[in-house]
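Asks: Provided below are the primary sequence and the corresponding predicted coordinates.
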Amino acid sequence: MLIDAYRKTFAEDSRSEKTVPGGTILGRIADEILEMVSCYASDGRVFYKKGDLVNAVASFAYGYGWLDAGRFLGFLAGSPSAPPKIEDHLPDSLSEHLSEKTYRYQRMLTNALEGVSPSPDPETVMYAAACSILETAGSYLARGAGYLPDDLINALIFFSYGYGWLDCGVRAGLFSISGDRHLFTI
């Protein structure tokens, strides 16, 4: 997939519908998830128009992580997908920026995963959901690392996508933060 196609696909998917009633606690969580998805879609479009393909791709992937975690949790319509493999080669002028951002997101996701623990009681379905989100975020951290050092753009996509999943889970109240709270959008 090309970055422009990824942008267009995310723009279409980001209009997902809530599956929970408005005016309820669950409705408020769904609204927050949709707001975050919309913000990352908007940020990605701005970066894309400015030619900052590194931040554009990271924004789209992070937003997709939020969207798919919201779908997994049942707040939004649709089923979670997986990030596409980007076939574009970025201009050499973006290489340093891409490298810095990719390795920074790898470190941030690693620290974020180490700094949370499931909040719900272990005997509840919400505990299982929290564990699934941890597993998903961890698997995308590992998959992104598998692209290093040769395919930084796809590594960044996997790190950003997994991080979006984890951040959504934190915002939905599934985790207690024992690490750096600044790693999350709370």
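Replies: Ah, there it is. Numbering: from 1, shown residues only.
Asks: which residue packs closest to residue 14, ignoring adjacent ones?
Replies: Nearest residue to residue 14, sequence neighbours excluded (Cβ to Cβ, 6 or more residues apart in numbering): residue 41, at 4.4 Å. Heads up, the C-betas are built off the backbone N, CA and C, glycines and all.
Asks: got a pLDDT number for that neighbour?
Replies: Looking at residue 41, its pLDDT reads 95.
Asks: do residue 167 as well
Replies: 98.
Asks: and what about it, helix, strand or coil?
Replies: With DSSP: H, G, I helix; E, B strand; the rest coil as the basis, residue 167 sits in helix.
Asks: quick one: residues contacting it.
Replies: Contact partners of residue 167, counting by Cβ atoms under 8 Å, 6 or more residues apart in numbering, are 36, 62, 65-66, 112, 184-185.
Asks: in the protein, which spans are helices?
Replies: Along the chain, the segments classed as helices by DSSP state H run 3-13, 25-49, 53-72, 95-114, 125-147, 152-171.
Asks: number of residues surrounding the residue nearest to residue 14?
Replies: For residue 41, the count of nearby residues is 22 (other Cβ atoms under 10 Å).
Asks: these two touch, right, it and residue 56?
Replies: No: contact criterion Cβ atoms under 8 Å: residue 41 and residue 56 do not qualify, at 10.6 Å.
Asks: separation between the residue lying farthest from the centre of the chain and residue 26?
Replies: Within the chain, the residue lying farthest from the chain centre (Cα atoms, centre = their mean) is residue 123, at 27.1 Å. Distance, residue 123 to residue 26, using Cβ to Cβ, to the nearest Å: 21 Å.
Asks: contact partners for residue 46?
Replies: Neighbouring residues of residue 46 by Cβ under 8 Å, 6+ apart: there are none.
Asks: look at it and report its pLDDT.
Replies: On pLDDT, residue 46 comes in at 97.
Asks: so how far is residue 127 from the residue nearest the centre of the chain?
Replies: Taking Cα atoms, centre = their mean, the centroid of the chain lies closest to residue 164, which sits 2.1 Å from it. In this view, residue 164 and residue 127 are 21 Å apart by Cβ to Cβ.
Asks: one more: residue 49?
Replies: Applying Cβ to Cβ to residue 49 and residue 127 gives a distance of 42 Å.
Asks: do the same with residue 168
Replies: Relative to residue 127, and taking Cβ to Cβ, residue 168 is found at 17 Å.
Asks: between these two, which one's more packed in?
Replies: Legend: neighbour count by other Cβ under 10 Å for residue 168 and residue 127, higher for residue 168 (30 against 15).
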